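Asks: Need a 3D model of the following:
(one chain, ligands or ions: 1)
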Amino acid sequence: MNIAFIGLGNMGGLMVQNLLKSGQKVFGYDLNEVALQHFADAGGLMCESPQAAAKQADVVITMLPAAKQVREVYLGENGILAVLKAGSLCIDCSTIDPQSIKDIAALGEDKGIRICDAPVSGGTLGAQDATLTFMIGADEKTLQAIQPILRQMGKNLLHCGAVGTGQIAKICNNLILGISMTAVAEGMALGAKLGIDPQALAAVINTSSGRCWSSEIYNPWPDICANAPSSRGYKDGFAAQLMLKDLGLAVEAAEQVNYPMVLGSLVQKRYQQLCQEGDAALDFSSIIHQYTAEPA
Ligand code: NAD
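Replies: Numbers count the residues shown, from 1 in each chain. I've put the predicted structure just below:
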């Protein structure tokens, strides 16, 4: 089985390494030449376009920034749907709006190409260690077919329902994550301002009812969690601009169904401000900069 992997960035670049380690033949493409070279150095087969990669493939995996790029790669002028053979499988792991993947899947179905969504959680560490959680939106037959491939890159394969439901799960999860990270940042920064040692405060929160993933595993205050981006200058994590994108997806989805979003909209504004002030490329836990210029 030949695999094409399109989008070899922070996540895709690490995920594909695990496919290569498992002995898969992978044809890859990315707009970024450095990412492409890194892939080739690990044994991947470099291609000159998404179509060139897809032509060789039985299975295509896409890991792109947003819906615009996903639509372009599948449906654009040089899109892969035009060259894939009937019977091919496509797995989009990007985080995008549920409707976009449903539209693309319907167009694929007309050509006998099965397309599903499998966005991920677990960040770059999960991508590196092959411990990602995949939230899968697919019919039963597609689910069975993609499981052996996804197992090479992840630990938890969760079937959410039909195409698009993986994205629904993902945007709801990230809505909660954005809110909880902002809550922990607000609490930690307030505590420090009032004079408690942040280490002591984190120890209390993490054995009390304020405890959550954002406080315990990924605390936004530096040097509470040795492996968290906050302990390395907020570098190499989940970019604030991607969190802003995901909050936008949640707010937009809520508007479509007249759902009264409250906290999500507030936190979206906080992330807008953070990105405008120059932290867009930093990890999303840098939201703490909105409360204190330099947590130390
Ligand atoms: P990234 O920006 O690092 O990588 C995306 C890659 O796609 C880049 O290398 C870019 O050059 C490439 N690309 C863009 N347009 C392209 C095109 N038309 N053709 C080919 N390549 C193209 O982003 P990432 O952090 O890897 O995230 C990818 C997706 O995964 C996003 O939707 C993000 O929301 C989601 N995600 C990220 C994380 C994380 O921790 N970084 C965690 C979970 C989910």
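Asks: Quick one: name the residues of the stretch 1-150 of the chain near the ligand.
Replies: Listed as neighbours of the ligand in the stretch 1-150 of the chain under the rule C-beta under 6 Å from any ligand atom: 6-12, 29-32, 35, 50, 63-65, 69, 72-73, 94-95, 120-121, 123-124. Every C-beta, even on glycine, is put in place using the N, C-alpha and C of the backbone.
Asks: Tell me which of those fall in helices.
Replies: G12, A35, P50, Q69, E72, V73, G123, T124 (DSSP state H).
Asks: what is N156 paired to in the beta sheet?
Replies: T133 (DSSP bridges).
Asks: What confidence value was assigned to it?
Replies: pLDDT recorded at N156 is 98.
Asks: Same check on E294?
Replies: Predicted confidence (pLDDT) for E294: 59.
Asks: now do G123
Replies: pLDDT for G123: 86.
Asks: Please name the residues that touch the nearest residue to it once chain neighbours are set aside.
Replies: Nearest-residue entry for G123: F238, 5.4 Å, with adjacent residues in sequence omitted and distances by C-beta to C-beta, 6 or more residues apart in numbering. Residues in contact with F238 (C-beta atoms under 8 Å, 6 or more residues apart in numbering) are G123, T124, D283, F284.
Asks: From what I see, the first one and G237 are in contact.
Replies: What it means is G123. Yes - G123 lies in contact with G237 (C-beta atoms under 8 Å); the separation is 6.5 Å.
Asks: More neighbours: those two, which one.
Replies: Shown here are G123 and G237; by other C-beta atoms under 10 Å, G237 has more neighbours (22 against 19).
Asks: Which residues are in contact with that one?
Replies: Here G237 is in contact with G123, T124, A228, P229, L282, D283, F284, S285 (C-beta under 8 Å, 6+ apart).
Asks: Using CSV, please lay out those residues together with secondary structure.
Replies: Shown next, in CSV, are the contacts of G237 (DSSP: H, G, I helix; E, B strand; the rest coil):
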residue, secondary structure
G123, helix
T124, helix
A228, coil
P229, helix
L282, coil
D283, strand
F284, helix
S285, helix
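Asks: ranking these by neighbours, who comes first?
Replies: Neighbour tally across those (other C-beta under 10 Å): the maximum, 29 neighbours, falls on F284.
Asks: For the stretch 151-296 of the chain, what lies in contact range of the ligand?
Replies: Residues of the stretch 151-296 of the chain lying near the ligand (C-beta under 6 Å from any ligand atom): F238, L242.
Asks: from this protein, which residue is nearest to the ligand?
Replies: Closest approach between the chain and the ligand, counting by C-beta to the nearest ligand atom: G9, at 1.8 Å.
Asks: A40 versus the residue nearest to A35 when sequence neighbours are not counted, what's the distance?
Replies: Sequence neighbours aside, L8 is the residue nearest to A35 in space, at 4.3 Å (criterion: C-beta to C-beta, 6+ apart). L8 sits 10 Å away from A40, going by C-beta to C-beta, to the nearest Å.
Asks: can you redo the ones in helices among the residues of the stretch 1-150 of the chain next to the ligand as CSV with distance to V184?
Replies: Formatted as CSV, those follow (distance: C-beta to C-beta, whole Å):
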residue, distance to V184
G12, 29
A35, 32
P50, 39
Q69, 31
E72, 36
V73, 36
G123, 16
T124, 20
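Asks: which one of the residues you listed is nearest M261?
Replies: G123 (24.6 Å; C-beta to C-beta).
Asks: how many neighbours does the spatially closest residue to L132 that is not a sequence neighbour have?
Replies: Nearest residue to L132 in three dimensions, chain neighbours excluded: G154, at 3.6 Å (C-beta to C-beta, 6+ apart). By other C-beta under 10 Å, 24 other residues sit near G154.
Asks: roughly how far apart are G154 and D41?
Replies: 23 Å.
Asks: rewinding a little: next, give me the two most distant ones among the contacts of F238.
Replies: Going by C-beta to C-beta, the pair spanning the contacts of F238 furthest: T124 and F284, at 12.4 Å.
Asks: Cheers, nothing more for now.
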